[in-house]
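1. only geometry, no sequence info:
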């Protein structure tokens, strides 16, 4: 086994040495400074030229194939030609053009109008999500000011009920597991 490994190591070493020589000669031919400059001269099947990560990957995983590609597109050609880049989507092209963006002041005005109109659904959509601690602080400050904010209180109640629901669900799940283990242990005793 070790003789085969040694033979493979020699082949890989000779292939990498040959590849390094080919790369150095190709860099000189295209007038580049580093091996990434070769990428622009090697086309790929998906369109455009080879990415520098692909070049590095091929250098370690398929040195013979990379050597053949460099010979074909750079060394055997009298004047290497740069490959036209692959067409890419413009930056920001995924942004929706018809979507309206609101400033913080706009959202506050909409929230105020929703409160005046009594639209509970719109109020919950426009109200920023807050932690339970921040809601408690707001309620305390409103009470100290001698005011009543029913929306804030309702939001607090919803959060507390949601936390209770989650806690009860977790407790029920753990109780179900406990009951299951108790029943299975009783079944095994029989």
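-> Sure thing, it's come through. Bear in mind that the values here come from a model prediction, so they are computed numbers and not experimental data.

2. which regions of the protein sit below the pLDDT cut-off?
-> Residues of the chain that meet the criterion pLDDT under 70 lie in 1-15, 92-97, 162-190.

3. walk me through the domains of it.
-> Per the record, the chain has its domains at 2-75, 104-189, by automatic domain parsing.

4. what lies in contact with stretch 21-32?
-> The contact list for stretch 21-32, computed with C-beta atoms under 8 Å, 6 or more residues apart in numbering, reads 33, 34, 35, 37, 38, 41, 67, 70, 71, 74, 75, 80. Glycine gets a C-beta too; all of them are placed from N, C-alpha and C.

5. on that earlier part again, in a markdown table, list the domains of the chain along with distance to residue 90.
-> Formatted as a markdown table, the domains of the chain follow (distance: least, C-beta to C-beta, whole Å):
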| stretch | distance to residue 90 |
| --- | --- |
| domain 2-75 | 16 |
| domain 104-189 | 28 |
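
6. deepest-packed of the ones you listed, please.
-> Each of these was scored by mean neighbour count; the highest is domain 2-75, a mean of 14, by mean count of other C-beta atoms under 10 Å.

7. now that domain, how far from the centre of its chain.
-> 30 Å (C-alpha atoms, centre = their mean, to the nearest Å).

8. tell me the contacts of residue 135?
-> Going by C-beta under 8 Å, 6+ apart, residue 135 touches 152, 155, 156, 159.

9. for it, which three-state class applies?
-> helix (DSSP: H, G, I helix; E, B strand; the rest coil).

10. ok, it to residue 121 distance?
-> Applying C-beta to C-beta, to the nearest Å, the value for residue 135 to residue 121 is 19 Å.
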